[in-house]
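Student: sequence below, structure please.
(chains A and B)
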Amino acid sequence: MEAFGLLLHGFAVLLTWKTLVLMMVGLVLGIFVGVLPGLGGPNGVAILLPLTFTMDPTSAIVMLSCIYWGALFGGAITSILFNIPGEAWSVATTFDGYPMAQQGRAAEALTAAFTSSFIGSLVAVLLITFLAPMISSFALKFGPPEFFAVYLLTFCSFVGLGREAKHKTVISMSLGLLLAGVGMDTVSGQLRMTFGSAELLRGINFLVAVIGLFGISEILLTMEERLALRGHAASISLRVVLSVWKDLPKYWVTLLRSSFIGCWLGITPGGAIAASFMGYNLAKRFAKEPESFGKGRIEGVFAPETAAHASGTSALLPMLALGIPGSGTAAILLGGLMVWGLNPGPLLFVEHKDFVWGLIASMYLGNVVGLVLVLTTVPIFASILRVPFAAVAPMIVVSCAIGAYAIQNAMFDIWLMLGFGVVGYVFKKIGTPLAPFTLALVLGNRAEDAFRLSMIGSGGDLKVFWSNGLVGSITTLAIVLLCWPAIDALLGRVGWTQRTRTTSR
Amino acid sequence: MPRTDLEIVVDDPTAPEENSPAVTSSGTVEIIVCLLLLALAATLGYDNWRTGASWDSTGPEPGYFPFYLSLVLGGGSLYGLIAALVGRRGAAEAFVTRAQARRVMAVFVPTLMFCVVTQFFGLYVASFLLIAGFMRAIGKIALWKSLLTAFLFTAIMFVTFDIAFDVIMPKGPLEAAFGY
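Tutor: The predicted structure is shown next:
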């Protein structure tokens, strides 16, 4: 019940006019970002981050997280009305959402999408409220070896569980870790990989890389495609909303199942994209008539949207409790924490109570306000797509440049952003995942520091990573996950041989 | 009843043609990328080895971690290079078609010029030129609309960042003439 009292305190922190206005601004900007092609959650947050540099951390995180909620809501609008997923995690929403719009049930589909997003986030926020303080107080006992083991676990699970070609994940991650090391070494103060350049002395800023990798490269990729679009315009009436809500209890199994999948995949680095597909597929598998999916079934909207939002929200749990982001956007918020002078990790819950509980309270409030906002303003946001891309593209480029420059007031960063834009474009086209790179770049220095501090503590003995049950099991789990594809293949072979034996008998 | 009275239709007059020939294949690009990454791994690896990549009494030296990471990067790229050279299956797939490349360049070149102009004349002048020029030349939007949009957007950015939020952008001679 301590969590409840602290949460109430969080609401008290939040309920000032200034914060509420920032919240609305964040939500509107977020929906905008979610609807526009060529902009998404992560880069929207990254580009708008500079706006918050002069704010106090609580207002800043409230605004940024509201941009994130807004982007999550916004992605559904274009999927349903235009059959264009604004975000990768809304792809599964188009399967049944667009057919519904074609049948003239757009308002129903949109209401279903927004409502299930709300439910998904709510479940995840409840999880964060009660689980995050527990995990963080447990993690307070962590020393450098435990932290390094957790970082190792994060990296290994990306390699072992990712769906991309393994060597590409390894390339992406090692490149990120290497670039994180450019500049001054935090332990010895020596310069590394700067090649005498004064510009590289500062190191390669994580946020600059993200703006280039996601913002600029997304513009280049969007231009490659045909940008003509044709879609339905819809406004939602109160009657439709109420009729959808009245039917909600019928779908409680789907909603609960998807929330659970989303929370699980959000905490582990599986992500919202995997969650939305899994939610959809499971709903289809357990349905009485699976063949009706894809033809405009409302459950086909409920399932992926709930899972995507539960996952997007619960990705913030490891970020808050351990300082390890569960998604790209969470990684950017983590980058923000460092800019505002907060040290991410379990101490956050002890040293910055106002900040943490303000953020958690803003998740509750932001989702309620967001739901009302999207339900009432859909027609306005849908018509944003009328604005020609030729006008939107240069504005996004300018916003990216402003964002990149503002972080360190360096012209060099604008060039760096452009370079990362090209890298991001090429990597995406040849199927090299960018998420491991982002994660490695933001965690690289912390992981290295943790490793070297453990080594100083143990006198250079690697056995420290197996010195007690906790650190030992995390390290072992990390290694198992790294080798998972091989283990899986081995297990599969055993299972396969057994099966053939039984059939031959 | 749900309302789907009006439809939103946006055309794309300069869309890339479907049957445009490929500029290069994915396989070729993968080979080039792997070669570049190998070169990068070698350069960084050498620099870290020079810094000190061994293990002393207090644990690893500053270059230790990055040195072995460059080995990992080098190994991964070498594997990728061999896989791309041997596996010809996905390699023939088009990386980018000529029509697509034209469109991508239509954004990339202006963006590059925007960065150059920002370097010498400041961000706001560059922003105005980029938006107005892009809307007019690529989007074929009426000149007055392009100029007005560019001016309004740039002005809003200036007020938001430089004045309201105190986030100072690079400025050039034009802003100096107005006393900023």
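
Student: show me where chain B has helices.
Tutor: B:26-51, B:64-86, B:98-121, B:123-137, B:143-157, B:173-177 (DSSP state H).

Student: nearest the geometric middle of chain B, what residue?
Tutor: For chain B, residue B:108 is the residue whose C-alpha lies nearest the centre (C-alpha atoms, centre = their mean; 7.4 Å).

Student: I'd assumed residue A:220 was in contact with that one.
Tutor: Yes: counting by C-beta atoms under 8 Å, residue B:108 touches residue A:220, with 6.3 Å between them. Backbone N, C-alpha and C define where each C-beta goes, glycine included.

Student: quick check: which of the helices of chain B is buried the most?
Tutor: helix B:123-137 (a mean of 22; mean count of other C-beta atoms under 10 Å in any protein chain shown).

Student: which helices and strands does that one pack with?
Tutor: helix A:389-408, helix B:98-121, helix B:143-157, helix B:173-177 (3 or more C-beta pairs under 8 Å, 6 or more residues apart in numbering or on different chains; DSSP states H and E).

Student: for those helices, give me a markdown table that also has mean pLDDT and distance to residue A:46.
Tutor: Formatted as a markdown table, the helices and strands packed on helix B:123-137 follow (pLDDT from 0 to 100; distance: least, C-beta to C-beta, whole Å):
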| stretch | mean pLDDT | distance to residue A:46 |
| --- | --- | --- |
| helix A:389-408 | 87 | 6 |
| helix B:98-121 | 90 | 17 |
| helix B:143-157 | 92 | 17 |
| helix B:173-177 | 82 | 26 |
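
Student: residue B:46: which of those helices is closest?
Tutor: Proximity to residue B:46 (C-beta to C-beta) singles out helix A:389-408 among the helices and strands packed on helix B:123-137, at 27.8 Å.

Student: residues in contact with whichever helix or strand comes after the closest one?
Tutor: Following helix A:389-408 in sequence order, the next helix or strand is helix A:411-429 (DSSP states H and E). With contact meaning C-beta atoms under 8 Å, 6 or more residues apart in numbering or on different chains, helix A:411-429 is reached by A:172, A:199, A:204-205, A:208-209, A:211-221, A:400-401, A:404-405, A:407, A:433-434, A:437, B:26, B:29, B:33, B:95-96, B:104, B:108, B:111-112, B:115, B:118-119, B:170.

Student: quick one: low-confidence ranges for the chain?
Tutor: Unless you meant another one, I'm taking chain A. Scanning chain A for pLDDT under 70 picks out A:1, A:37-38, A:40, A:86-87, A:226-229, A:233, A:269-271, A:494-505.

Student: actually it's chain B I care about, not the one you picked
Tutor: Applying pLDDT under 70 to chain B flags the ranges B:1-8, B:10-14, B:57-59, B:88-92.

Student: make it 90
Tutor: B:1-31, B:44-45, B:47-66, B:68-69, B:82-104, B:106-107, B:137-142, B:157, B:159-180 (pLDDT under 90).

Student: and it, what are its domains?
Tutor: B:23-95, B:97-177 (automatic domain parsing).

Student: quick one: residues contacting residue A:22.
Tutor: A:55, A:59, A:62, A:63, A:66.

Student: again, 7 Å this time
Tutor: A:59, A:62, A:63 (C-beta atoms under 7 Å, 6 or more residues apart in numbering or on different chains).

Student: just residue A:174 next, same as before
Tutor: For residue A:174, the contacting residues are B:69, B:72, B:73, B:76, by C-beta under 7 Å, 6+ apart.

Student: please give the element, helix or strand, for it.
Tutor: helix A:166-180.

Student: neighbouring strands of the next helix or strand after that helix in the sheet, and parallel or not?
Tutor: Downstream of helix A:166-180, the next assigned helix or strand under DSSP H and E is strand A:183-184. Within its sheet, strand A:183-184 is paired with strand A:191-192 (antiparallel), according to DSSP bridges.

Student: identify the residues contacting the partner strand?
Tutor: A:181, A:182, A:183, A:184, A:185, B:48, B:51, B:62, B:63, B:66.

Student: before we move on, the earlier item: helices - which of the contacts of residue A:22 land there?
Tutor: Those of the contacts of residue A:22 mapping onto helices are A:59, A:62, A:63, per DSSP H.

Student: what's the burial count for the second one?
Tutor: The reference is to residue A:62. Per other C-beta atoms under 10 Å in any protein chain shown, the neighbour tally for residue A:62 reads 28.

Student: once you drop chain neighbours, what's closest to it?
Tutor: Spatial nearest neighbour of residue A:62, excluding adjacent residues (C-beta to C-beta, 6 or more residues apart in numbering or on different chains): residue A:362 at 4.4 Å.

Student: which strands or helices does the helix or strand hosting that neighbour pack on?
Tutor: For residue A:362, the host element (DSSP H and E) is helix A:353-382. Applying 3 or more C-beta pairs under 7 Å, 6 or more residues apart in numbering or on different chains; DSSP states H and E, one finds that helix A:353-382 makes contact with helix A:2-14, helix A:17-35, helix A:57-82, helix A:106-139.

Student: for the residue in chain B positioned nearest to chain A, which residues are in contact?
Tutor: Using C-beta to the nearest C-beta, residue B:139 is the residue of chain B that sits closest to chain A, at 2.4 Å. Residue B:139 makes contacts with A:388, A:390, A:391, as judged by C-beta under 7 Å, 6+ apart.

Student: in JSON lines: those, plus distance to residue A:295.
Tutor: Shown next, in JSON lines, are the contacts of residue B:139 (distance: C-beta to C-beta, whole Å):
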{"residue": "A:388", "distance to residue A:295": "33"}
{"residue": "A:390", "distance to residue A:295": "36"}
{"residue": "A:391", "distance to residue A:295": "37"}
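
Student: near chain B too, which of these?
Tutor: A:388, A:390, A:391 (C-beta under 7 Å from any C-beta of the partner chain).

Student: so which of those residues comes closest to residue B:128?
Tutor: residue A:391 (13.4 Å).

Student: residues in contact with the nearest residue to the closest one once chain neighbours are set aside?
Tutor: Nearest residue to residue A:391 in three dimensions, chain neighbours excluded: residue B:135, at 5.2 Å (C-beta to C-beta, 6+ apart). By C-beta under 7 Å, 6+ apart, the contact set of residue B:135 is A:390, A:391, B:141, B:146, B:149.

Student: how about the residues you listed in TSV, adding distance to residue A:79?
Tutor: Below are the contacts of residue B:135 laid out as TSV (distance: C-beta to C-beta, whole Å):
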residue	distance to residue A:79
A:390	24
A:391	23
B:141	28
B:146	31
B:149	28
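
Student: thinking again about what came up before, out of the helices and strands packed on helix A:353-382, which one sits most buried?
Tutor: helix A:57-82 (a mean of 28).

Student: and the angle from that helix to helix A:17-35?
Tutor: Counting by axes from the mean of the first three to the mean of the last three C-alpha atoms, to 10 degrees, helix A:57-82 points 30 degrees away from the direction of helix A:17-35.

Student: any idea of the angle the very next helix or strand once past helix A:57-82 forms with helix A:106-139?
Tutor: Heading C-terminal from helix A:57-82, the first helix or strand you meet, by DSSP H and E, is helix A:91-102. With the same axes, to 10 degrees defining the directions, helix A:91-102 sits at 160 degrees from helix A:106-139.
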